[in-house]
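1. I would like the atomic coordinates for the input below:
(one chain, ligands or ions: 2)
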Amino acid sequence: MTEAVIRAEDVAMRFGTNTVFQDVSFEVRRGEIFVILGGSGCGKSTLLKLLIGLMPPSAGRIAVLEEEIARLAGQARRDLLRRIGVMWQSGALLGSLNLLENVMLPIEAHTALPDDARALVAGSKLGLVGLGDATTRLPAEISGGMVKRAGIARAMALDPEILFLDEPSAGLDPITSAGLDELILSLARETGTTFVVVTHELQSILAIGDRCIMLDKEARGMIAEGDPKRLKEESTHPTVRAFFHREAL
Ligand SMILES: Nc1ncnc2c1ncn2[C@@H]1O[C@H](COP(=O)(O)OP(=O)(O)OP(=O)(O)O)[C@@H](O)[C@H]1O
Ligand SMILES: [Mg+2]
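-> Ligands and ions are numbered 1, 2, ... in the order given. Okay, here's the model as predicted:
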């Protein structure tokens, strides 16, 4: 069986008296595209924050690349974070820097490469996401889809083993969104990077997801796990069925 790069065991997250989810257990395997899905407010972004160690879970354990991320500090934590990449919902590029300079940022922060080598690496990542001709453009001069691509290039700057994407297709038209799905699929195949993608876009989930988990606000936890295409055909859970068949509950 393929190696697990993330293991979550009995994870719970509470804010005060509000339990967002509990008893969440799953594995992410190396090289797969793993999707975290569910309706608004079910805790997708919260789970993503736990997975990248932005905050510790209220209960349970999360191991990322064999390390319990919530327990790491200092250099050990920096070493682990260097092996993962994150793209937040907005793409979060710096507006005053061109695309090449934006992608060079993490390379500057984490390596001692000379300037021209950094530019070479950053340029190759932009090429990988189809922006090889746009390296000198500012974020304000490119489309929303291009911002997402540049955000992915920056998240990949240090060749992460796991790439986390929060709602990559949010705010994109269906055609641009489908193009982004194609990009994620080809990056996963060509680079072997593991992807963890948070989304509630049904088309995307079915197009790119090898496996998924579905969180639910009312259940305060996971209500499904597996291949999204099979869940769509086979799940008997009313909320899971409603989601995959776009029906009202
Ligand atoms: N820092 C926080 N403090 C208190 N409550 C929080 C905090 N972060 C998230 N929550 C609560 O956790 C719940 C889940 O929020 P989260 O942002 O994870 O949902 P989501 O599934 O990502 O939703 P969306 O699809 O709208 O992005 C919400 O009820 C939210 O109010
Ligand atoms: Mg969210």
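2. if I look at the residue nearest to residue 206 when sequence neighbours are not counted, how far off is residue 98?
-> Excluding its sequence neighbours, the residue lying closest to residue 206 (Cβ to Cβ, 6 or more residues apart in numbering) is residue 228, at 5.6 Å. The way it works is simple: take the backbone N, C-alpha and C, and place the C-beta from them, glycine included. Applying Cβ to Cβ, to the nearest Å, the value for residue 228 to residue 98 is 37 Å.
3. so the two - more neighbours on which side?
-> residue 228 (24 against 18; other Cβ atoms under 10 Å).
4. can you pull the contacts of that one?
-> 35, 37, 205-206, 209, 211-212, 244 (Cβ atoms under 8 Å, 6 or more residues apart in numbering).
5. confidence score at it?
-> At residue 228, the pLDDT value in this model is 97.
6. cool, and residue 103?
-> For residue 103, the predicted pLDDT is 95.
7. ditto for residue 142
-> pLDDT recorded at residue 142 is 93.
8. swap in residue 90?
-> For residue 90, the predicted pLDDT is 67.
9. how about residue 38, nearest residue that isn't a chain neighbour?
-> The shortest distance from residue 38 to any non-neighbouring residue, by Cβ to Cβ, 6+ apart, is to residue 215 (3.8 Å).
10. does the helix or strand encompassing that neighbour reach ligand 2?
-> Residue 215 belongs to strand 211-216 when elements are defined using DSSP states H and E. No - against ligand 2, strand 211-216 shows no contacts by Cβ under 5 Å from the ion, the least distance being 10.6 Å.
11. residue of this structure closest to ligand 2, please.
-> In the chain, the residue that lies nearest ligand 2 is residue 45 (3.2 Å; Cβ to the ion).
12. list of residues touching the helix ranked longest in the chain?
-> Criterion DSSP state H: the longest helix present in the chain is helix 174-191. Applying Cβ under 8 Å, 6+ apart, the contact partners of helix 174-191 are 31-33, 128-130, 143-145, 148-149, 152, 156, 159, 163, 165, 168-169, 172, 193-195, 197, 201, 203-204, 207-208.
13. go with 6 Å
-> Contact with helix 174-191 is made by 33, 145, 148, 168-169, 195, 204, 207-208, as judged by Cβ atoms under 6 Å, 6 or more residues apart in numbering.
14. export the residues you listed to a markdown table and append columns for pLDDT.
-> Formatted as a markdown table, the contacts of helix 174-191 follow (pLDDT from 0 to 100):
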| residue | pLDDT |
| --- | --- |
| 33 | 98 |
| 145 | 89 |
| 148 | 91 |
| 168 | 90 |
| 169 | 86 |
| 195 | 97 |
| 204 | 92 |
| 207 | 95 |
| 208 | 96 |
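15. next helix or strand past the helix or strand containing residue 229?
-> Element membership of residue 229, judged by DSSP H and E, is helix 228-234. Next along the chain after helix 228-234, taking DSSP H and E as the criterion, comes helix 238-244.
16. near ligand 2, which residues of this structure?
-> Proximity of the chain to ligand 2 (Cβ under 5 Å from the ion) is limited to residues 44-45.
17. just the strands from the chain, written as ranges.
-> 4-15, 18-29, 33-37, 59-64, 67-68, 84-87, 162-166, 194-198, 211-216, 221-226 (DSSP state E).
18. need the residues of the chain near ligand 1, please.
-> Residues of the chain that fall close to ligand 1, judged by Cβ under 6 Å from any ligand atom: 15, 20, 38, 40-46, 200.
19. I'd like to know which of those residues are buried.
-> Buried by 16 or more other Cβ atoms under 10 Å: 20, 38, 42-44, 46, 200, out of these.
20. list the residues that contact residue 244.
-> residue 232.
21. ditto for residue 241
-> The contact partners of residue 241, taken as Cβ under 6 Å, 6+ apart, are residue 235.
22. what pLDDT is listed against it?
-> Looking at residue 241, its pLDDT is 95.
23. gap between the residue nearest to residue 140 when sequence neighbours are not counted and residue 172?
-> Once flanking residues are discounted, residue 140 sits nearest to residue 95: 6.1 Å by Cβ to Cβ, 6+ apart. Distance, residue 95 to residue 172, using Cβ to Cβ: 19 Å.
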